[in-house]
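Undergrad: what's the 3D shape of this:
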Amino acid sequence: MDDLFAPPAYAWQRLSPRYVSLRRLTTLIFAPVLLSIPALIAGLALDLWWLAAIFWGLAAVIVVVRWVLIGRTYRAWGYVERDDDLYITSGVLFRSLVAVPYGRMQLVEVASGPLERSFRLATVTLKTASAETDASIPGLDPEEAARLRDRLTELGEAQASGL
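TA: Next up is the predicted model:
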């Protein structure tokens with residue numbers, strides 16, 4: 001089954017290790033903050049502190065589970081630049097392999113939000129003629145994202161001109 005997700009004779013390029021830190025930081029922030037709102041309402045407004053404790057316990061469980069899964073998810077991401085297409089793989093439980101032919105690419109986009117910029121990360125998104133095959137690669141170093149954008153654009157133009 002693993003042969004489905006590994007192109008022969010190619011080594012996967014991986015995401016930046018800083019991607020793990022970014023994902024773990026967002027996990028530490030968002031789950032506890034979002035579940036603290038109903039916990040405080042239950043505790044302060046309704047005087048149900050046992051319910052508030054359940055909400056905070058749930059937040060702790062979510063943080064621990066996501067903390068572990070982030071490392072596995074990070075190791076599952078990869079991409080390979082081949083002669084005629086780009087392979088992108090991701091997923092732990094539901095694995096995915098997307099092959100994007102260079103000639104079908106219509107747009108290569110690089111994006112970086114405020115948190116990504118603070119971790120020096122960027123996301124490359126590929127838009128193709130078919131909406132189902134749009135793909136993105138998060139957690140790239142800005143230099144690698146720019147190199148990949150330029151290379152994919154160049155290869156896309158070269159492949160499309162042959163049509």
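Undergrad: any regions of the chain where pLDDT drops low?
TA: 1-3, 5-8, 131-133, 159-163 (pLDDT under 70).
Undergrad: got the buried residues for stretch 145-156?
TA: 145, 148-149, 152, 155-156 (16 or more other Cβ atoms under 10 Å). Glycine gets a C-beta too; all of them are placed from N, C-alpha and C.
Undergrad: these into a markdown table, with extra columns for secondary structure?
TA: Shown next, in a markdown table, are the buried residues of stretch 145-156 (DSSP: H, G, I helix; E, B strand; the rest coil):
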| residue | secondary structure |
| --- | --- |
| A145 | helix |
| L148 | helix |
| R149 | helix |
| L152 | helix |
| L155 | helix |
| G156 | helix |
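Undergrad: now do the helices in this protein.
TA: In the chain, the helices defined using DSSP state H lie at 18-40, 49-76, 114-118, 142-161.
Undergrad: so V20 sits right up against G71, yeah?
TA: Yes - proximity of V20 to G71 meets the contact threshold set by Cβ atoms under 8 Å, at 6.4 Å.
Undergrad: nearest to K127, out of the helices of the chain?
TA: helix 142-161 (10.5 Å; Cβ to Cβ).
Undergrad: for the spatially closest residue to L107 that is not a sequence neighbour, list the residues it contacts.
TA: Nearest in space to L107, with sequence neighbours left out and distances taken as Cβ to Cβ, 6 or more residues apart in numbering, is K127 at 3.9 Å. The contact partners of K127, taken as Cβ atoms under 8 Å, 6 or more residues apart in numbering, are 105-109, 134.
Undergrad: switch the cut-off to 10 Å
TA: 100, 104-109, 133-136 (Cβ atoms under 10 Å, 6 or more residues apart in numbering).
Undergrad: A99 now?
TA: 7, 80, 82, 84-89, 133, 135.
Undergrad: state the distance from the residue nearest the centre of the chain to P32.
TA: Central residue of the chain (Cα atoms, centre = their mean): P138, 4.4 Å from the mean position. According to Cβ to Cβ, to the nearest Å, P138 and P32 sit 23 Å apart.
Undergrad: hmm, back to that, and the contacts of K127 as a markdown table, adding distance to S118 and neighbour count?
TA: Below are the contacts of K127 laid out as a markdown table (distance: Cβ to Cβ, whole Å; neighbours: other Cβ atoms under 10 Å):
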| residue | distance to S118 | neighbour count |
| --- | --- | --- |
| V100 | 29 | 21 |
| R104 | 34 | 18 |
| M105 | 29 | 24 |
| Q106 | 31 | 12 |
| L107 | 26 | 12 |
| V108 | 24 | 19 |
| E109 | 20 | 11 |
| T133 | 31 | 15 |
| D134 | 26 | 15 |
| A135 | 25 | 19 |
| S136 | 20 | 14 |
